[in-house]
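In: curious how this folds, go ahead:
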Amino acid sequence: MLLHKPTSITLRKLLFPYQNPIFSCLYQPQNPAYIYTQKANYVNVYMKWKKDSYFDTIEHIDKSIVLKPIINLKNCITEDPNGCIPIYRVSKRGFALDVPMKVAKFLRKYPSIFEEFSGEYNYPWFKLTPEAAEIDREEKRVYEDCREDLRDRLKKLILMSKEKVLPLKIIQGMEWYLGLPDDFLHYTEKNLDRSFRFVTMEDGLEGLAVDSCEKVLSVVQRNAMKNGVYSGGSMEAVEFPCFPSKGLRLRHKIKDWLEEFQKLPYVSPYEDSSHLQPDSDECEKRVVGLLHELLSLFVEHSAERKKLFCLKKYMGLPQKVHRAFERHPEIFYLSHKNKTCTAILKEAYCDESAIEKHPLLAVRKKYIRLMRESAVILKNRRVNGRLAGGGNMELDLDLEHKCEDRGGGENTKVDLDLESENVDNRDGECSQ
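Out: Numbering: from 1, shown residues only. Predicted structure coming up:
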């Protein structure tokens with residue numbers, strides 16, 4: 001307050017000489033360096049989620065979370081030389097096999113896939129039905145005939161990482177989505193080419209790296225080149241195909257932002273992106289392009305959103321990568337069925353010619369058909385049981401077995417009481 005009084009004018013001029021017009025020309029402060037750098041232009045828009053019954057009812061996506069433990073149990077049976085296993089062989093491995101309930105109950109839910117019979121000491125044994133065994137043979141033929149295609153999908157996954165290397169546990173967690181068999185990395189001589197090499201990463205993890213100087217085009221770039229809107233150069237403005245859901249209305253402000261977003265340069269997920277500012281729209285377009293390419297490699301072109309979070313560190317994704325799905329509902333759809341959130345690539349189902357179908361998809365659909373037949377078989381058993389006057393005779397779901405567990409040298413009774421359990425909601429770690 002003292003400096004604002006008239007008597008303090010002289011003192012103020014002495015303390016702040018640059019305010020005096022006589023000395024102002026001598027005082028030229030330097031502008032800070034940051035004003036010469038490009039400012040981030042990230043626009044924080046909110047997209048309201050809109051339910052789309054079409055994507056929620058795609059059967060092979062809806063049943064994928066249940067099909068995975070079925071395939072795991074099927075592999076346990078086929079790996080046995082006799083083609084059949086006793087229940088105690090897998091009764092304690094439910095968590096490792098992703099079985100959402102007691103293993104015996106789960107096996108009996110699908111009588112068209114798993115056939116039960118009494119074996120040694122009247123233990124329940126299981127083997128594949130003839131129909132399931134035939135599909136298993138077809139699945140193995142696909143693995144043999146499409147080995148090069150599966151190898152290319154794995155190579156692209158690794159090339160999208162910052163250092164062109166991924167930990168083995170991350171790759172193993174992605175095997176189901178990529179359509180790779182469980183033992184794909186065990187037979188390196190026939191499944192991997194010379195561009196792959198095993199390395200020890202900085203954090204001590206065993207990893208798989210790819211050495212390749214070949215330029216890889218993403219699905220977006222290939223389709224844009226096919227349509228004549230992309231010449232093959234870097235940092236060109238390639239637009240993402242958009243497929244709005246019925247009833248989805250966006251405000252004019254959001255529409256304007258999306259139009260400007262499409263005009264931004266497209267950075268391929270296989271190119272270096274270290275020059276992009278983390279909080280810019282250009283960086284977000286790179287993240288959207290990476291997620292688009294990632295889902296295009298998967299069998300169902302979808303994945304549980306939480307399963308993708310383990311890729312953030314190795315692919316340079318932001319901490320809140322889930323917002324990329326939420327902010328672009330015309331590119332991705334988020335399904336909330338099965339007590340989880342599944343990210344679906346819309347282009348794969350709205351334009352069938354845009355993305356090549358995975359060779360394993362037809363095989364998985366055949367397993368799902370057997371799952372439907374199992375539901376009919378169980379329903380007929382319940383109806384026949386009631387008509388026979390025996391009450392609710394759900395023999396396959398309510399039968400209780402007491403058998404000896406052969407582990408640890410002790411006779412432990414394995415209670416196969418088939419009480420209902422909810423599908424568990426475990427953390428989305430990629431390692432199996």
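
In: ok, the nearest residue to Phe106 once chain neighbours are set aside - contacts?
Out: Of all residues not flanking Phe106 in the chain, Val99 sits nearest, at 5.1 Å (Cβ to Cβ, 6 or more residues apart in numbering). Using the backbone N, CA and C atoms, a C-beta is placed for each residue, glycine as well. Contacts for Val99 (Cβ atoms under 8 Å, 6 or more residues apart in numbering) come out as 69, 72-73, 93, 106.

In: now the buried members of these.
Out: By neighbour count, with 16 or more other Cβ atoms under 10 Å, these hold 69, 72-73, 106 as buried.

In: which one of the residues you listed is nearest to Pro244?
Out: Pro69 (35.3 Å; Cβ to Cβ).

In: immediately after the helix or strand encompassing the closest one, which helix or strand?
Out: According to DSSP states H and E, Pro69 maps onto helix 64-79. Later in the chain than helix 64-79, the nearest helix or strand by DSSP H and E is strand 84-86.

In: follow-up on the earlier one: any chance of the buried ones among the contacts of Val99 in CSV, plus distance to Trp257?
Out: Output for these, formatted as CSV (distance: Cβ to Cβ, whole Å):
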residue, distance to Trp257
Pro69, 42
Asn72, 44
Leu73, 48
Phe106, 47
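
In: longest helix of this structure?
Out: In the chain, taking DSSP state H as the definition, the longest helix is helix 361-387.

In: which strands and helices lie in contact with that one?
Out: Packing partners of helix 361-387 (3 or more Cβ pairs under 8 Å, 6 or more residues apart in numbering; DSSP states H and E): helix 59-62, helix 64-79, helix 130-145, helix 395-398.

In: next, the buried residues of that helix.
Out: 363-364, 367-368, 370-371, 373-374, 378, 381-382.

In: kindly present the residues you listed as a markdown table, with separate columns for distance to His322 and pLDDT.
Out: Shown next, in a markdown table, are those (distance: Cβ to Cβ, whole Å; pLDDT from 0 to 100):
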| residue | distance to His322 | pLDDT |
| --- | --- | --- |
| Val363 | 31 | 97 |
| Arg364 | 26 | 97 |
| Tyr367 | 30 | 97 |
| Ile368 | 28 | 97 |
| Leu370 | 34 | 96 |
| Met371 | 30 | 96 |
| Glu373 | 37 | 95 |
| Ser374 | 35 | 95 |
| Leu378 | 37 | 93 |
| Arg381 | 43 | 88 |
| Arg382 | 42 | 88 |
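
In: for Gly247, state which of the residues you listed is nearest.
Out: Ile368 (28.8 Å).

In: burial measure for Val299, as a count.
Out: Residues near Val299, counting by other Cβ atoms under 10 Å, number 22.

In: ok, Lys263 next?
Out: Counted with other Cβ under 10 Å, Lys263 comes out at 10.

In: ok, now the one 3 residues further on?
Out: Here the neighbour count serves as a burial measure; for Tyr266 (other Cβ under 10 Å) it reads 23.

In: again, but for the one 3 residues further on
Out: The burial metric for Pro269, expressed as a neighbour count using other Cβ under 10 Å, is 23.

In: now do the strand or helix carrying Asp152 against helix 130-145, angle only.
Out: Following DSSP H and E, one finds Asp152 within helix 147-159. Going by axes from the mean of the first three to the mean of the last three Cα atoms, to 10 degrees, helix 147-159 is angled at 70 degrees with respect to helix 130-145.

In: which parts of helix 147-159 are buried?
Out: Buried residues in helix 147-159, counted by 16+ other Cβ under 10 Å: 147, 150-151, 153-159.

In: residues contacting that helix, please?
Out: By Cβ under 8 Å, 6+ apart, helix 147-159 touches 143, 164-166, 171, 174, 178-180, 184, 190-193, 195-196, 208-210, 212, 216, 270, 293-294, 297, 359.

In: and the residues you listed, which are buried?
Out: 143, 164-166, 171, 174, 178-180, 184, 191-192, 196, 208-210, 216, 270, 293-294, 297.

In: what about the residues you listed, which are in helices?
Out: 143, 171, 174, 178, 191, 293-294, 297.

In: just for the stretch 1-150 of the chain, where's the confidence low?
Out: 1-47 (pLDDT under 70).

In: ditto for the stretch 251-400 of the chain
Out: For the stretch 251-400 of the chain, the stretches flagged by pLDDT under 70 are 389-400.

In: for it, what spans make up the strands?
Out: 302-304, 332-335, 342-345 (DSSP state E, counting those that start in this stretch).

In: mean neighbour count and distance to Cys84 added to the ones you listed, as JSON lines?
Out: Shown next, in JSON lines, are the strands of the stretch 251-400 of the chain (neighbours: other Cβ atoms under 10 Å; distance: least, Cβ to Cβ, whole Å):
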{"stretch": "strand 302-304", "mean neighbour count": "22", "distance to Cys84": "32"}
{"stretch": "strand 332-335", "mean neighbour count": "22", "distance to Cys84": "37"}
{"stretch": "strand 342-345", "mean neighbour count": "24", "distance to Cys84": "34"}
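
In: can you redo those as CSV with distance to Glu120?
Out: Formatted as CSV, those follow (distance: least, Cβ to Cβ, whole Å):
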stretch, distance to Glu120
strand 302-304, 39
strand 332-335, 45
strand 342-345, 42
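
In: re earlier: out of the buried residues of helix 147-159, who's nearest Lys306?
Out: Leu157 (17.9 Å).

In: that closest one and Asp149, how far apart?
Out: 13 Å (Cβ to Cβ, to the nearest Å).

In: got it, and Lys320?
Out: 34 Å.

In: could you do Val216 as well?
Out: On the measure of Cβ to Cβ, Val216 and Asp149 end up 15 Å apart.

In: Arg369 now?
Out: The spacing between Arg369 and Asp149, counted by Cβ to Cβ, is 24 Å.

In: ok, now Val66?
Out: Here the criterion is Cβ to Cβ. By it, Val66 lies 26 Å from Asp149.

In: which residue is nearest the middle of the chain?
Out: Ala303 (3.2 Å; Cα atoms, centre = their mean).
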